[in-house]
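got a predicted structure here, sequence first:
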Amino acid sequence: MTAMGVYQPGHSVLHRLPVGVKLLGLASIIVFLSFWVTSVARLGVAAGVVVGVYLLGWIKPRIAVSQLIPVLWTIAVLFVLQVILTDWQRALVVCGVLLASVMLAVAVTLTTRTVDVLAWINRTLSPLRLIGVRTDQLALGFALAIRAIPLMVELVRQVEEARHARNLPLRSATMLTPLVISALRTADGFGETLIARGLD
């Protein structure tokens with residue numbers, strides 16, 4: 001199974017697009033889908049957009065499915081909560097938009113090297129150097145935030161699998177507590193790595 005969001009080398013249209021175009025396009029599409037998708041029919045159009053993006057990236061079905069599996073645990077929990085609070089159609093739309101957004105973000109990370117993202121952010125923020133802002137540190141922060149999205153999804157999947165293996169009931173104590181602990185441990189690991197490289 002391919003790790004979630006790990007760069008896959010290639011020569012597709014999506015691979016060759018400039019980093020800025022991909023990141024700005026990703027943000028624009030996600031914002032548009034969040035406001036435009038208000039029905040199951042429009043959700044089908046959104047699904048078509050996701051499929052089209054993966055085809056542009058020449059991302060193999062096996063890899064696409066492997067990226068989808070870790071997200072399903074989170075989406076399933078959210079779907080149940082939405083059904084309880086609203087209705088199944090609204091739950092389907094909300095969870096569908098969230099899933100589409102995550103899959104689009106993953107498609108970008110699969111076809112974009114982290115070093116290129118860092119370089120683009122650094123160039124874009126370069127005018128801030130005139131007022132003493134460390135743009136390299138800002139770029140690193142943005143890159144870590146982007147990478148943390150699939151990482152957090154993976155943590156949720158691991159916590160849910162552990163809960164299911166122990167036959168524990170689904171409640172905040174069995175989900176949120178271990179998730180927060182895992183996230184803090186991961187953050188500590190990031191911090192120690194950055195300090196070791198003189199980036200504290």
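Structure received.

so what's the gap between the host helix or strand of residue 32 and the chain middle?
Per DSSP states H and E, residue 32 falls inside helix 19-36. The chain centroid and the centroid of helix 19-36 are separated by 13 Å under CA atoms, centre = their mean, to the nearest Å.

please identify the buried residues of that helix?
By neighbour count on 16 or more other CB atoms under 10 Å, the buried set for helix 19-36 is 19, 22, 23, 26, 29, 30, 33. (Each C-beta comes from the backbone N, C-alpha and C, glycine too.)

would TSV of these with pLDDT be doable?
Converted to TSV, the buried residues of helix 19-36 look like this (pLDDT from 0 to 100):
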residue	pLDDT
19	91
22	93
23	89
26	91
29	92
30	91
33	91
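
of all those residues, which two lie farthest apart?
19 and 33 (21.3 Å; CB to CB).

can you list contacts of stretch 43-60?
8, 10, 12-15, 29, 33, 37, 64, 92-93, 96-97, 100, 103-104, 107, 110-111 (CB atoms under 8 Å, 6 or more residues apart in numbering).

so which of the residues you listed belong to helices?
13-15, 29, 33, 64, 92-93, 96-97, 100, 103-104, 107, 110 (DSSP state H).

please list only the buried members of those residues.
Burial by neighbour count, judged by 16+ other CB under 10 Å, picks out 14-15, 29, 33, 64, 92-93, 96-97, 100, 103-104, 107, 110 from these.

now render those residues as JSON lines, adding distance to residue 78.
Formatted as JSON lines, those follow (distance: CB to CB, whole Å):
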{"residue": "14", "distance to residue 78": "28"}
{"residue": "15", "distance to residue 78": "31"}
{"residue": "29", "distance to residue 78": "21"}
{"residue": "33", "distance to residue 78": "16"}
{"residue": "64", "distance to residue 78": "21"}
{"residue": "92", "distance to residue 78": "11"}
{"residue": "93", "distance to residue 78": "12"}
{"residue": "96", "distance to residue 78": "11"}
{"residue": "97", "distance to residue 78": "11"}
{"residue": "100", "distance to residue 78": "14"}
{"residue": "103", "distance to residue 78": "15"}
{"residue": "104", "distance to residue 78": "18"}
{"residue": "107", "distance to residue 78": "21"}
{"residue": "110", "distance to residue 78": "23"}
